[in-house]
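In: Give me coordinates for this.
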Amino acid sequence: MTAVCIVGKQDTTLPDDLYAYETAYRALATYDPTSPWANALAVETVSLGTAVSLLNDLDWYLARVARDAFVRDPSVSEREWLSRPLARALRDGHADPEETVNRLRVYGVDDGRLVDPTMVLRGDAQEGAYERSEYDDTVVVRVTREEFS
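Out: Have a look, this model is predicted:
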């Protein structure tokens, strides 16, 4: 299953703020949302294409309540997430997953919340853990060249 994660802006409470919009509520009604982090909402979809389509359907609402949105597709990586633009490029055949593993946005996990995204350039093409000792854990999101610049 392909997962979609929406990270709320600092002053929002997901899913309440997202579900306040009836159209967003309808778009998410067929999914079973979870909260992997206190400031995030996640759902599982059947494919990368479905995940990107869901984010496209929610675009207007995401602009108002979300800080970020990303996708994890097991055919690309079991642990690392893909930024929304990268997921779209992969779906459309405009990117190769093996060429995109070196540019990352690494979130710290502090008190159960995703915080302080930092851009990291990985030295090799291997997946790995990123030590950010000031945080309990990290979440790695692969990004496009344009997002990294």
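
In: shouldn't Leu28 be in contact with Ala20?
Out: No - in this structure, Leu28 is not within contact of Ala20 by CB atoms under 8 Å, at 11.9 Å. Where C-beta positions appear, they are placed from N, C-alpha and C, glycine not excepted.

In: For the two, work out which one has more neighbours and name it.
Out: Leu28 (22 against 13; other CB atoms under 10 Å).

In: What ranges does the protein have for its helices?
Out: 16-19, 22-28, 48-57, 59-65, 84-91, 145-148 (DSSP state H).

In: winner for burial among the ones you listed?
Out: helix 84-91 (a mean of 22; mean count of other CB atoms under 10 Å).

In: Next, the angle from that one to helix 48-57.
Out: 140 degrees (axes from the mean of the first three to the mean of the last three CA atoms, to 10 degrees).

In: can you pull the contacts of the residue lying closest to Thr50 once chain neighbours are set aside?
Out: Using CB to CB, 6 or more residues apart in numbering and skipping residues adjacent in sequence, the residue nearest Thr50 is Thr2, 6.9 Å away. With contact taken as CB atoms under 8 Å, 6 or more residues apart in numbering, Thr2 is in contact with 44-48, 50-51, 71-74.

In: Please repeat the previous calculation with a cut-off of 6 Å.
Out: Residues in contact with Thr2 (CB atoms under 6 Å, 6 or more residues apart in numbering) are 45, 47-48, 51, 73.

In: Gly108 versus that one, what's the distance?
Out: 24 Å (CB to CB, to the nearest Å).

In: cool, and Ala95?
Out: 26 Å.

In: what's the answer for Val101, then?
Out: Distance from Val101 to Gly108, by CB to CB: 20 Å.

In: For the residue most central in space within the chain, which non-adjacent residue is closest in space?
Out: Geometric centre of the chain, nearest residue: Phe70, 1.8 Å, by CA atoms, centre = their mean. In space, not counting the residues next to it along the chain, Phe70 is nearest to Trp81; the distance is 4.2 Å by CB to CB, 6+ apart.

In: Going by residue numbers, what spans are strands in the chain?
Out: Using DSSP state E, the strands found in the chain span residues 2-8, 40-45, 66-72, 81-83, 103-110, 113-121, 137-142.

In: Switch those strands over to a markdown table; also include mean pLDDT and distance to Leu14.
Out: A markdown table is the format used below for those (pLDDT from 0 to 100; distance: least, CB to CB, whole Å):
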| stretch | mean pLDDT | distance to Leu14 |
| --- | --- | --- |
| strand 2-8 | 98 | 4 |
| strand 40-45 | 98 | 4 |
| strand 66-72 | 97 | 8 |
| strand 81-83 | 96 | 17 |
| strand 103-110 | 92 | 15 |
| strand 113-121 | 92 | 11 |
| strand 137-142 | 93 | 16 |
